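>>> any chance you can model this:
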Amino acid sequence: MRGFVAGMCLGMFGLAAGWSQQGVDNGQKCRDLAKAALPHTAVLRAEVTEAGKLASPLDDKDPIYGQLPAFCRVVAEAHPSADSQIKIEVWLPLTGWNGKFLGQGNGGFAGNIYYRELAKAVHLGYATAGTDTGHTGSAIDAGWALGHPEKVADFGFRGVHEMSLTGQALTRAFYGSAAGRRYFASCSDGGREALMEAQRFPADYDGILAGAPAYHWTWLVTGGLPAVQALGREPASAISAAKLPAISAAVLAQCNAGKTTAFLDDPRTCHFDVNSLLCKGAETNECLTAAQAATLKLLYAGARTSDGRVINPGQMPGAELGGNGWEAWITGNEKEKSLGLAFLYGYLANMIYGKTDVDVQKLKLDAVLKAAEEKTGGLLDAVNPDLSAFSARGGKLILYHGWNDPAIPALGTVDYFNSVVAKAGAKKASEFTRLFMVPGLQHCGGGPGATAFGQDGPSDNPAASDPDHNIYAALENWVEKGVAPETVIAVHPSDGAAANPSFSRPICAYPKAARYTGSGDPDKASSYACSAAQ
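Below is the predicted model of the structure:
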């Protein structure tokens, strides 16, 4: 049966790739999409973009825009409610379609179509689509949500679903056959979108890659309240970015003894003694005051409600430094300028309390969480562990998360994965889902670990495009050939390019982790093996 299905898929792929040589006017076929009849969706524009002639959208200077093949660019707008205005773009290669559809996700509060991701996909032969999820603006701005509950629903789950339906319908209309395989891959809020698709719309995709998912949105954002309050309550309790090097050095000295890496293989095993950093004399950037030490303990401890619910499992020690680390997300480079505060304030002001003068210092965690769950839990949270409908269709889900993600606690994703396994049973769950935890990876990318493993999607780099080195390729391999991924080789780029790594490590299907075999170069993945936790 599997061979028959594979043969059918290959036949569809071959038909799609050869379609352009069968005398069809591709340009006219593209323009005809402007007349497509779609539920509550208007096609605003459908036109051919000639090879190498795409102007860089949003002033993005990436050279890929000038390297694209000719494609059909469709601009549409969906209105599933009276207050919905969901912008969608669908890009369809005029020739050389690989027979697949790739849906694109968003980050933060969304607000823009990710054109670079569309360009990468169409460059590699995919039909692809993206959306702004129903509003336009910065990914850290939630002002659009004030007084617009339907737009919150569009952001929460409708926008990506509408994009998926529209993109796949236009793909079918343009090529004359449906995509043989449909994929979705994204990180952060895009990871939440990915899980929302698997849970609520299991027929949308065959394979889903969900990175660092902000899936329990109400807990995630409100769970940052105690930390934000501690950092901003008074100058004495604030930890400046200038103190982070000393904190990182102390953590590694205590918990990484005998190793030269600037990260921990498994930060759960590190029980860092914050008091070891207490100043013994005048305060400097090399030590902490008692008030600062109390704040640091809170950051590592996370947040729990008065009834004992852990809604934020806290920061993992070991990768406090880095451009995508604590300075960006927690401390900020000046007081009350962190991304964590921006998301908390934007969410509370615009989605929960409906006023722009919210004083976060006066809020109580239990009350905030109650209001958040009541107002947005059903719209934003993708917490359902029952993926039986998705798995019954043959769907495959790969999750990944960096152990040192300062934006979204890694333990939350471990908890969700465990809940899926508990719901389905270990044997059944192994047939449709995998989790990869990445040491030293911060939020979606960056950090001191081996942080490049194909999480950005398909690649034409021969050194980073196969299932052994590219987690997205591993997803396709699982869907199309039935080979479940157990290990993916990750690299730490020495010059910003994965093709020139300074070291490599295997990342392993959870709960296994990479262990040094005791011989060989510790900078090479071949010197490690995946084994159960010790």
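>>> which secondary structure element contains L299?
Using DSSP states H and E, L299 maps to helix 290-301.
>>> sec struct for the closest residue to G52 other than its chain neighbours, please.
Excluding the flanking residues, the one nearest G52 by CB to CB, 6 or more residues apart in numbering is G66, at 5.4 Å. In short, each C-beta sits where N, CA and C put it, glycine included. Classification of G66 using DSSP: H, G, I helix; E, B strand; the rest coil returns helix.
>>> show me the contacts for P448.
P448 makes contact with T261, A262, F263, A319, L321, G322, G440, H492 under the criterion CB atoms under 8 Å, 6 or more residues apart in numbering.
>>> lowest pLDDT pick from the residues you listed?
Minimum pLDDT for the contacts of P448 is recorded at A319 (78).
>>> correct me, but that residue touches G449?
Yes. Between A319 and G449 there is a contact at 7.2 Å, judged by CB atoms under 8 Å.
>>> determine the residues that are contacts of both of the two.
The contact lists of A319 and G449 share F263, W403, N404, G440, where a contact means CB under 8 Å, 6+ apart.
>>> would you format the residues you listed as a markdown table with neighbour count and distance to W144 included?
Formatted as a markdown table, those follow (neighbours: other CB atoms under 10 Å; distance: CB to CB, whole Å):
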| residue | neighbour count | distance to W144 |
| --- | --- | --- |
| F263 | 30 | 37 |
| W403 | 26 | 33 |
| N404 | 31 | 31 |
| G440 | 25 | 35 |
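>>> wait, which of the residues you listed is closest to Q361?
Of all these, N404 has the smallest distance to Q361: 28.1 Å, by CB to CB.
>>> chain neighbours aside, what residue packs nearest to that closest one?
N404 sits nearest to A319 (CB to CB, 6+ apart), 3.2 Å away.
>>> quick revisit: buried set for the helix holding L299?
Q292, A293, T295, L296, L298, L299, Y300 (16 or more other CB atoms under 10 Å).
>>> report all helices and strands that it contacts.
Under the contact definition 3 or more CB pairs under 8 Å, 6 or more residues apart in numbering; DSSP states H and E, helix 290-301 sits against helix 225-232.
>>> quick one: buried residues of the helix it packs on?
By neighbour count on 16+ other CB under 10 Å, the buried set for helix 225-232 is L225, P226, A227, V228, Q229, A230, L231, G232.
>>> what's the helix holding L299 in contact with?
Applying CB under 8 Å, 6+ apart, the contact partners of helix 290-301 are 226-227, 230-231, 234, 236-239, 243, 247, 272, 274-275, 277-278, 288, 314-315, 317, 330.
>>> follow-up on the earlier one: who has more neighbours, A319 and G449?
Comparing A319 with G449 by other CB atoms under 10 Å, the one with more neighbours is A319, at 31 against 28.
>>> contacting residues around the more buried one?
Under the criterion of CB under 8 Å, 6+ apart, the neighbours of A319 are 248, 262-264, 267, 325, 403-404, 440, 442, 447-449.
>>> try it again with 7 Å
Going by CB atoms under 7 Å, 6 or more residues apart in numbering, A319 touches F263, G325, N404, G440, Q442, G447, P448.
>>> how near is the most far-flung residue of the chain relative to its centre to F71?
What lies farthest from the middle of the chain is G281; by CA atoms, centre = their mean that is 43.7 Å. G281 sits 65 Å away from F71, taking CB to CB, to the nearest Å as the criterion.
>>> all strands of the stretch 201-350 of the chain, in order?
207-211, 303-304, 310-312 (DSSP state E, counting those that start in this stretch).
>>> now render those strands as JSON lines, adding mean neighbour count and mean pLDDT.
Output for the strands of the stretch 201-350 of the chain, formatted as JSON lines (neighbours: other CB atoms under 10 Å; pLDDT from 0 to 100):
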{"stretch": "strand 207-211", "mean neighbour count": "28", "mean pLDDT": "98"}
{"stretch": "strand 303-304", "mean neighbour count": "18", "mean pLDDT": "96"}
{"stretch": "strand 310-312", "mean neighbour count": "22", "mean pLDDT": "96"}
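>>> which residues are contacting the helix or strand where K428 lies?
According to DSSP H and E, K428 maps onto helix 426-429. Helix 426-429 has contacts (CB under 7 Å, 6+ apart) with V420, V421.
>>> where in the protein is the helix or strand with the lowest mean pLDDT?
For the chain, counting by mean pLDDT, DSSP states H and E, helix 2-18 ranks last in confidence among helices and strands (a mean of 32).
>>> any idea how far F109 is from D141?
Plainly put, D141 is 6 Å away from F109 if you go by CB to CB.
>>> pull up the overlap in contacts between these two.
Contacts common to D141 and F109, judged by CB under 7 Å, 6+ apart, are G346.
>>> between these two, which one's more packed in?
F109 (24 against 16).
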